[in-house]
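*Asks:* With the input below, show me the fold.
(one chain, ligands or ions: 1)
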Amino acid sequence: MTFSNLNLINPILKAVAEEGYEHPTPIQEQSIPIVIQKRDLLGCAQTGTGKTAAFAIPILQLLHQNNASKNRRIKALIITPTRELAIQIGESFHAYGKYTTIKHTVIFGGVGQNSQTTALQNGVDVLIATPGRLLDLMQQGFIKLDAIEMFVLDEADRMLDMGFIHDIKKILKVLPEKRQSLFFSATMPSDIVKLSEKILHNPEYVTVTPPSTTVELINQKLYYVTKEDKLKLLLALLENTNIKSVLVFTRTKHGADKVVKVLIKNNIKSAAIHGNKGQNARQNALNDFKALKMRVLVATDIASRGIDVDNLEYVINFELPNIPETYVHRIGRTGRAGAKGTSISFCDAEEKKYLRDIEQLIKKKIDVERLPDISLHEPIEKGPVVVKKEIIVNAKHTKITVKSPENGENRPNKKRKFYHRAKK
Ligand code: AMP
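*Replies:* Predicted coordinates:
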């Protein structure tokens, strides 16, 4: 199967060839013909399967063939939960649509709205949006959705997890009844199925290979390690210079910040991306990571959705996820499109129950590695360690290193506490 078997127009075939795609992925092969026939679609697929092109390509084709550019109004709306995903979908529309006449723009919160409203006022055919900013700009009168012909709800399960259900309902209320709708979700629990029934009319169903089989390409390793030793183990593994870029997952934002702090103190370039970081900080970190200017990116699960890094070879699960599907999502960041990838998981005593669930889902035992000698990797956690003196204690020249008892990290905290007390 090639893209030319899918009845695609030349401007799109040319763009797809320039992207280096030779064959459509299974979700593309199944979905593109359905969307071109203007049918509704329920797609069960996760990021990494090529689902963005599965909806972007046929949308661009239908709009281009209908001469959409003669009357620039928003005719296709794509809603996605995170800013990173919105930006990536925008990049896909740019890549596949560069030889068409179709214009798109991307809007999301956390940044000023001026450049977004200017783009909207100049006129676009396709709008890619996160729900909050969309509603905000609708209320301000910058966006009208009465000309929508195509509507895509992307990552529906994540939308509900992130509490966007009310926003989605508000958006649905103003969409024209007569439209084509596409609905994508990585999982299909009953609340998602119910939501899809509200949106879709007589849809076609497409499911791509369950995630548990895609992970077979990835070399998966596991270290049993105590919670206290995880940072030491991470530092020890990063001694390996073959690891040029690695995505490290933690369960919490606080955990991500802690790992980054230690890595930086140990001269390893890294940054965290999670919900508490501003949009610019997140995007800069991601750009530096993609450009190999930064070796380690530490992410929480929600923030990591949609991180698309070509040729990422290593994923480290600093903490195992409590939801087994999340493990599959995480390690699916590496080993994309048949590339080789390695995932390394750290499992402490409390996480053994999560490991059991993961191994059940992926239907295999993860190879356990012997812990390397981590005794030399005492993480510098609290500011630069000041080596005060080296004392030679006996004739055999045994050295005892005395660390500075008071370090820079602790002092401001003490001051802050004192300040609060004084205020009371
Ligand atoms: P997605 O699931 O949409 O996030 O896509 C995951 C990655 O697959 C992106 O980096 C795309 O550029 C890439 N991709 C999409 N379709 C194809 C294809 N047919 N052949 C090769 N790579 C693709």
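*Asks:* What is the neighbour count of the nearest residue to residue 255 once chain neighbours are set aside?
*Replies:* Using CB to CB, 6 or more residues apart in numbering and skipping residues adjacent in sequence, the residue nearest residue 255 is residue 319, 6.3 Å away. No exception for glycine: its C-beta is placed from N, CA and C like everyone else's. Counted by other CB atoms under 10 Å, the residues lying close to residue 319 total 24.
*Asks:* how close does residue 231 get to residue 115?
*Replies:* From residue 231 over to residue 115 the distance is 40 Å, taken as CB to CB, to the nearest Å.
*Asks:* Could you do residue 370 as well?
*Replies:* 53 Å.
*Asks:* just residue 58 next, same as before
*Replies:* For residue 58 relative to residue 115 (CB to CB), the value is 28 Å.
*Asks:* Those two: which has the busier surroundings?
*Replies:* When residue 58 is set against residue 115 and neighbours are counted by other CB under 10 Å, the residue ahead is residue 58, at 27 against 11.
*Asks:* quick one: that one is in a helix?
*Replies:* Yes. Counting by DSSP: H, G, I helix; E, B strand; the rest coil, residue 58 is located in a helix.
*Asks:* need the contact list for it.
*Replies:* Residue 58 sits next to 31-32, 35-36 when contact means CB atoms under 8 Å, 6 or more residues apart in numbering.
*Asks:* same check, this time on residue 181
*Replies:* Residue 181 touches 40-41, 150-153, 199-201, 203, counting by CB under 8 Å, 6+ apart.
*Asks:* how about the residues of the stretch 151-300 of the chain that lie near the ligand?
*Replies:* Residues of the stretch 151-300 of the chain lying near the ligand by CB under 6 Å from any ligand atom: none.
*Asks:* show me where pLDDT drops low in this structure?
*Replies:* Within the chain, the stretches with pLDDT under 70 are 209-215, 302-303, 305-306, 308, 310, 335-339, 380-424.
*Asks:* Tell me the most packed of the contacts of residue 58, by neighbour count.
*Replies:* residue 31 (29 neighbours).
*Asks:* pretty sure it contacts residue 52?
*Replies:* No. Assessed by CB atoms under 8 Å, residue 31 is found out of contact with residue 52, at 10.9 Å.
*Asks:* on that earlier part again, wait, which of the contacts of residue 58 is closest to residue 354?
*Replies:* Distances from residue 354 to these, taken as CB to CB, are shortest for residue 31 (33.1 Å).
*Asks:* measure that closest one to the ligand for me?
*Replies:* Applying CB to the nearest ligand atom, to the nearest Å, the value for residue 31 to the ligand is 11 Å.
*Asks:* Shouldn't that residue be within a helix?
*Replies:* Yes. Residue state for residue 31 (three-state DSSP) corresponds to a helix.
*Asks:* for the closest residue to it other than its chain neighbours, what are its contacts?
*Replies:* Spatial nearest neighbour of residue 31, excluding adjacent residues (CB to CB, 6+ apart): residue 54 at 4.1 Å. For residue 54, the contact set (CB under 8 Å, 6+ apart) comprises 25, 27-28, 30-32, 35, 43, 45.
*Asks:* Please identify the helix or strand for residue 54.
*Replies:* helix 51-65 (DSSP states H and E).
*Asks:* chain center to that helix, what's the gap?
*Replies:* 22 Å (CA atoms, centre = their mean, to the nearest Å).
*Asks:* which secondary structure elements does the helix or strand following it contact?
*Replies:* Going down the chain from helix 51-65, the next helix or strand is strand 76-79, by DSSP H and E. Under the contact criterion of 3 or more CB pairs under 8 Å, 6 or more residues apart in numbering; DSSP states H and E, strand 76-79 touches helix 51-65, strand 126-129, strand 150-153.
*Asks:* re the thing from before, quick check: the residue nearest to residue 255 touching residue 351?
*Replies:* Yes. Using CB under 8 Å, residue 319 makes contact with residue 351 at a distance of 7.0 Å.
*Asks:* got the contact list for the residue nearest to residue 255?
*Replies:* Contacts of residue 319 (CB under 8 Å, 6+ apart): 230, 249-251, 255, 346, 351.
*Asks:* Check residue 2 too.
*Replies:* 22-24.
*Asks:* which one of the residues you listed is nearest the ligand?
*Replies:* Taking CB to the nearest ligand atom as the measure, the ligand lies nearest residue 24 of these, at 5.1 Å.
*Asks:* Checking my notes, that closest one in a helix, right?
*Replies:* No. Per three-state DSSP, residue 24 lies outside any helix segment and is coil.
*Asks:* separation between it and residue 243?
*Replies:* Distance of residue 24 to residue 243, computed by CB to CB: 33 Å.
*Asks:* In terms of neighbours, single out the busier of the two.
*Replies:* Taking neighbours as other CB under 10 Å, residue 24 and residue 243 compare with residue 24 leading, 22 against 16.
*Asks:* Surely the more buried one is in contact with residue 33?
*Replies:* No. Look at residue 24 against residue 33 with CB under 8 Å: they stay out of range, at 10.2 Å.
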